[in-house]
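[1] prediction below, plus the sequence it came from.
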Amino acid sequence: MDAEDRFELDRATWDRLVEHAWSDFPYEVCGLLGVRPDGEIVHYPIDNAERSMTYYVMDAKQLLRAMREIEDEGYGLVIYHSHTHTQAYPSATDIRLAAYPEATYLIVTLQDRDRPDIRAFSIVDGVVTERSVLVRDEQVA
Amino acid sequence: MPTVRIPTVLRKHTGGEGQVSAEGTTVGEVFDALVTAHPDLEEQLFEDGRLRGFVNVFVEDEDIRFIDGLDSPVGADDEISIMPAVAGGMA
């Protein structure tokens, strides 16, 4: 994989995503991330309007606010949700409803309770391409 | 004239434009003008004359489902945002 196929996130963001996934377990959680040009990541947790174990719909108004900020600030768009009982791979419904070709889609899975995982994908016109996730540990000077 | 924010996924139907101005005093009128100028948008936005379920539309910050749908009033300086829903699941 070359650099374009890689998605980098910092350890703190990884931890926040896993923590968010646990926060409403066994319901699916969702949200957006904005990636700044310097690589720093801004987190926008968004309510799952369905509060379901198998389905998510981002609260429309929270989505609007977060999406507008990400677009106006020129951040890279990341869309994430959790799977609590299945692997971190887009479902047929996830793929059918994916309407943001410019986004990186992250899925956080708690399927293995002791080893949460996060995987990254592009979904363009129904075609899923996995990207490798690189977790950047904070540099200790 | 009101402006309409077009999401990336639909910009291939507006010649790449992310914001388009269109005349109208309701969301329905603005969308009629928008679709007349960019005919490929029609089936992206509408199904049997009604807005598709997975398309969110806002006037300024208000979801038109909680105003008056396509009859929601639009001021001359208002911004209408089209925002595909973000959703998924196992079903």
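    Sure thing, it's come through.

[2] so stretch B:43-50, near chain A or not?
    No: counting by Cβ under 8 Å from any Cβ of the partner chain, chain A is not contacted by stretch B:43-50; separation bottoms out at 10.0 Å. Where C-beta positions appear, they are placed from N, C-alpha and C, glycine not excepted.

[3] I should have written stretch B:78-88 there, sorry.
    Yes: using Cβ under 8 Å from any Cβ, we find that stretch B:78-88 touches chain A at B:81, B:83, B:84, B:85, B:86, B:87, B:88.

[4] thinking the fifth one is in contact with residue A:60, fair?
    Put plainly, it is residue B:86. No: the pair residue B:86 / residue A:60 is not scored as a contact, 9.2 Å apart, by Cβ atoms under 8 Å.

[5] quick one, which of the two is more surrounded?
    residue B:86 (28 against 19; other Cβ atoms under 10 Å in any protein chain shown).

[6] so what's the more buried one closest to, chain neighbours aside?
    Nearest residue to residue B:86, sequence neighbours excluded (Cβ to Cβ, 6 or more residues apart in numbering or on different chains): residue A:58, at 4.3 Å.

[7] quick check: pLDDT value at that neighbour.
    Per-residue pLDDT puts residue A:58 at 97.

[8] contacting residues for it?
    By Cβ atoms under 8 Å, 6 or more residues apart in numbering or on different chains, the contact set of residue A:58 is A:30, A:31, A:46, A:47, A:48, A:49, B:85, B:86, B:87.

[9] can you tell me the element the most centrally placed residue in chain A falls in?
    Centroid-nearest residue in chain A: residue A:80, 2.1 Å away (criterion: Cα atoms, centre = their mean). Using DSSP states H and E, residue A:80 sits within strand A:76-83.

[10] quick one: that strand to chain centroid distance?
    Here the centre of strand A:76-83 is set off from its chain's centre by 2 Å, with Cα atoms, centre = their mean, to the nearest Å.

[11] quick check: buried residues in the longest strand along chain A?
    Longest strand in chain A by number of residues, with DSSP state E as the criterion: strand A:127-136. Within strand A:127-136, the residues that count as buried by 16 or more other Cβ atoms under 10 Å in any protein chain shown are A:131, A:133.

[12] doesn't residue A:101 make contact with residue A:124?
    Yes: contact between residue A:124 and residue A:101 holds when scored by Cβ under 8 Å: they sit 4.4 Å apart.

[13] chain A against chain B: which residues are in contact?
    Neighbours of chain B within chain A, by Cβ under 8 Å from any Cβ: A:28, A:30, A:32, A:46, A:50, A:52, A:54-58, A:60-61, A:63-65, A:67-68, A:79, A:81, A:86, A:90-91, A:93-94, A:97-102.

[14] just the buried members of these?
    Buried among the residues of chain A next to chain B (16+ other Cβ under 10 Å): A:28, A:30, A:32, A:46, A:50, A:54-58, A:60-61, A:63-64, A:67-68, A:79, A:81, A:90-91, A:93-94, A:97-100.

[15] which stretches of chain A have low pLDDT?
    Low-confidence segments of chain A (pLDDT under 70): A:1-4, A:138-141.

[16] mind giving me the packing neighbours of the strand holding residue A:80?
    Strand A:76-83 sits against helix A:11-23, strand A:30-35, helix A:60-73, strand A:104-109, with contacts defined as 3 or more Cβ pairs under 8 Å, 6 or more residues apart in numbering or on different chains; DSSP states H and E.

[17] tell me, how many residues neighbour the nearest residue to residue A:23 once chain neighbours are set aside?
    Ranked by Cβ to Cβ, 6+ apart and with sequence neighbours excluded, the top spatial neighbour of residue A:23 is residue A:29, at 6.6 Å. Neighbour count for residue A:29, taken as other Cβ under 10 Å: 23.
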